[in-house]
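Student: task: produce atomic coordinates for the following.
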Amino acid sequence: MDYNNSRMTPPPYMGGHEVVTQTNAVMRRVYVRMFIGLLVSAFCALGVASSPAAMRFFFGNQLVFWGMLIAMLAMAFILPARLAKMSSGAVLGCFIAYSALMGCWLAPIFLVYRLGTIVYTLFITAGTFGAMSVYGYFTKSDLSKMGAYLMMALFGLIIACVVNIFWANSTLEWIISIVGVLIFVGLTAWDTQQVKRMAAANLAPELADKLATMGAMNLYLDFINLFLFLLRIFGGGSRD
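Tutor: Modelled structure (predicted):
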């Protein structure tokens, strides 16, 4: 539609008091839900790691182990695809369930790395993530092109990780860890900007709530992956 030749007011986008208020409200929910997801993962990871019976159940049973992995992959792909057909409560429930499964999946890090290394890396991750998310939120630059390149790089990183499972090359592992940190540092800024833009363009309350949950999940995954790659770098000399 040509707004220059029409008396109709164009839909608000990144401007106006109502849009700013809506955007800020959605972003608050995004960060709160992301934080809740991280807490759920942390408690589940600690709980499983502190229980030999739970460790045997999740990692000594091939059916449970692969079932947990398949469930997380399925939720990551199916949830965005069925977002429009699900209620906001169902979307939030799936995110919490995903966070719990991820926490169980991450439990072995407490057996592989010293607690001090984990806490140290967690603080570095939080600082790095926070800085890049603030940048993505306030920057006037369009990060769309950067996001496209980062997604291509992410697919390359996944292939390299799979290759190194069989090759087990320490040099390649180090390179993968550094590249992984750079990719997820960039994705944090890009995802933040994407969530902010969608929040500004969509004022429907239920859709805004679903958007907040999906945005929280995207940033949650950025944080988790950034943490894991940093842990591989800083924890290289602290393995048991």
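Student: and the pLDDT for Ile78?
Tutor: pLDDT for Ile78: 88.
Student: let me see the contact set for it.
Tutor: Taking Cβ atoms under 8 Å, 6 or more residues apart in numbering, we find Ile78 in contact with no residue. Any C-beta I mention is one placed from the backbone N, CA and C, and that applies to glycine too.
Student: please identify the helix or strand for it.
Tutor: Taking DSSP states H and E as the criterion, the element that holds Ile78 is helix 62-81.
Student: surely Cys161 is in contact with Ile176?
Tutor: Yes - contact criterion Cβ atoms under 8 Å: Cys161 and Ile176 qualify, at 6.1 Å.
Student: look at the two and report which has more neighbours.
Tutor: Legend: neighbour count by other Cβ atoms under 10 Å for Cys161 and Ile176, higher for Ile176 (19 against 13).
Student: how close does the more buried one sit to Leu228?
Tutor: In this view, Ile176 and Leu228 are 11 Å apart by Cβ to Cβ, to the nearest Å.
Student: continuing past the helix holding Ile78, what's the next helix or strand?
Tutor: Taking DSSP H and E, what comes next after helix 62-81 is helix 88-106.
Student: export that next one as CSV, just CAs?
Tutor: Output of helix 88-106 as CSV, limited to C-alpha atoms (Å, rounded to 0.1, in the frame of the first residue of the first chain):
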residue,chain,number,x,y,z
SER,A,88,0.3,-19.1,25.0
GLY,A,89,0.2,-21.4,28.1
ALA,A,90,1.0,-24.4,26.1
VAL,A,91,4.0,-22.6,24.4
LEU,A,92,5.3,-21.6,27.8
GLY,A,93,4.8,-25.1,29.2
CYS,A,94,6.8,-26.6,26.3
PHE,A,95,9.6,-24.1,26.9
ILE,A,96,9.8,-25.0,30.6
ALA,A,97,9.8,-28.7,29.7
TYR,A,98,12.5,-28.1,27.1
SER,A,99,14.6,-26.3,29.8
ALA,A,100,14.2,-29.2,32.2
LEU,A,101,15.3,-31.7,29.6
MET,A,102,18.3,-29.5,28.7
GLY,A,103,19.2,-29.3,32.3
CYS,A,104,19.2,-33.1,32.6
TRP,A,105,21.2,-33.3,29.5
LEU,A,106,23.8,-30.9,30.9
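Student: ok, which stretches of the chain are helices?
Tutor: For the chain, the helices defined by DSSP state H cover 17-49, 52-59, 62-81, 88-106, 109-112, 115-138, 144-167, 170-201, 205-234.
Student: comparing the ones you listed, which comes out most buried?
Tutor: helix 205-234 (a mean of 21; mean count of other Cβ atoms under 10 Å).
Student: excluding its backbone neighbours, what's nearest Met75?
Tutor: The spatially closest residue to Met75, leaving aside those adjacent along the chain, is Tyr98, at 5.0 Å (Cβ to Cβ, 6 or more residues apart in numbering).
Student: OK, contacts around the one you found?
Tutor: 37, 72, 75-76, 79, 217.
Student: turn those into JSON lines, including distance to Ala25.
Tutor: Listed next are those as JSON lines, based on distance: Cβ to Cβ, whole Å:
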{"residue": "Gly37", "distance to Ala25": "19"}
{"residue": "Met72", "distance to Ala25": "29"}
{"residue": "Met75", "distance to Ala25": "26"}
{"residue": "Ala76", "distance to Ala25": "26"}
{"residue": "Leu79", "distance to Ala25": "22"}
{"residue": "Met217", "distance to Ala25": "18"}
